[in-house]
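1. Give me a model of this one.
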Amino acid sequence: MPVISESPIEIVTLDWVPDFARGYVRDYRVRWALEEAGIDYRTDPISTVDRPAEYFAEQPFGQVPAYREGEVRMFESGAIVLHIAERSEALLPSDPAARARAQCWMFAAMNSIEPMLLELTNVDVFARDEQWAKLRRPSLVATIDKRLGHLATALGDRDYLEGRFTAGDLLMASALRALDHTDLLAEHPALAAYQQRCLARPAFAAAIAAQLEELRTEMPEPA
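-> Model (predicted):
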């Protein structure tokens, strides 16, 4: 049964992003969690090229998403997903031990996996012509490969990290998308299959479709 929020939920999103970022802007994580939980939401797209000055009082870094629900105001996608998950057994089990393990995987995705993958994105995409990036890449790839091996061992032969899908899987599969420009995940077939299993969920497809539908196709003119 869908969970019904007492107050309307609004997500602050962007009105446009470059092609490489379409489908990757982190509001999709919040959309995905809400879709899994069966919670309705609406969006408030803000200008990508002219972020409203007052928005920085709501999101200190001017990023998206931000989350509004009555008096609740939140930023950081991981924290927002946790907030949503805490009200939905679809995302966090009711059993205390299983719930605690799922929460561990949420933080593991954000702290033990994603930072090094984002560093690789910086090396490969944004700083690819820099000499330091070329020097950094081999050791970084080796570290990532080792960390992925540990993750694959923890997953074992289960479909999901704790046997059933949780918010931990949502954030882990999201973090692993930072490797989409590489073949590193394919070198760990169990992890690649795990990620595809997560991304094949209807709630993920709905979240991405909603984001893409709302994003403008052409860069808006500055105000």
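2. contacts and neighbour counts: CA atoms only from here.
-> Noted.
3. any low-confidence regions in this protein?
-> 1-5, 223 (pLDDT under 70).
4. Please enumerate the helices of it.
-> Taking DSSP state H to define them, one finds helices in the chain at 27-37, 77-85, 96-108, 114-121, 131-155, 167-176, 189-199, 202-214.
5. would JSON lines of those with mean neighbour count and distance to Glu54 be doable?
-> As requested, the helices of the chain are arranged in JSON lines below (neighbours: other C-alpha atoms under 10 Å; distance: least, C-alpha to C-alpha, whole Å):
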{"stretch": "helix 27-37", "mean neighbour count": "24", "distance to Glu54": "19"}
{"stretch": "helix 77-85", "mean neighbour count": "19", "distance to Glu54": "20"}
{"stretch": "helix 96-108", "mean neighbour count": "17", "distance to Glu54": "30"}
{"stretch": "helix 114-121", "mean neighbour count": "18", "distance to Glu54": "28"}
{"stretch": "helix 131-155", "mean neighbour count": "14", "distance to Glu54": "36"}
{"stretch": "helix 167-176", "mean neighbour count": "24", "distance to Glu54": "29"}
{"stretch": "helix 189-199", "mean neighbour count": "18", "distance to Glu54": "35"}
{"stretch": "helix 202-214", "mean neighbour count": "16", "distance to Glu54": "22"}
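6. of all the ones you listed, which lies closest to Ala53?
-> helix 27-37 (20.0 Å; C-alpha to C-alpha).
7. quick one: that closest one to chain centroid distance?
-> Taking C-alpha atoms, centre = their mean, to the nearest Å, one finds the center of helix 27-37 at 9 Å from the center of the full chain.
8. before we move on, what about stretch 110-118?
-> The chain centroid and the centroid of stretch 110-118 are separated by 11 Å under C-alpha atoms, centre = their mean.
9. export that stretch as CSV, just CAs?
-> Presented in CSV, the C-alpha positions along stretch 110-118 are these (Å, rounded to 0.1, in the frame of the first residue of the first chain):
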residue,chain,number,x,y,z
MET,A,110,28.2,7.4,-0.1
ASN,A,111,31.5,7.1,1.8
SER,A,112,33.3,3.9,0.8
ILE,A,113,32.4,3.6,-2.9
GLU,A,114,31.2,6.8,-4.5
PRO,A,115,34.1,9.3,-3.6
MET,A,116,36.7,7.3,-5.5
LEU,A,117,34.4,6.7,-8.4
LEU,A,118,33.8,10.4,-8.7
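10. Give me the contact list for it.
-> 78, 140, 144, 147, 171-172, 175-176, 178-179 (C-alpha atoms under 8 Å, 6 or more residues apart in numbering).
11. hang on, Leu184 packs against Thr143?
-> No - using C-alpha atoms under 8 Å, Leu184 makes no contact with Thr143, being 11.4 Å away.
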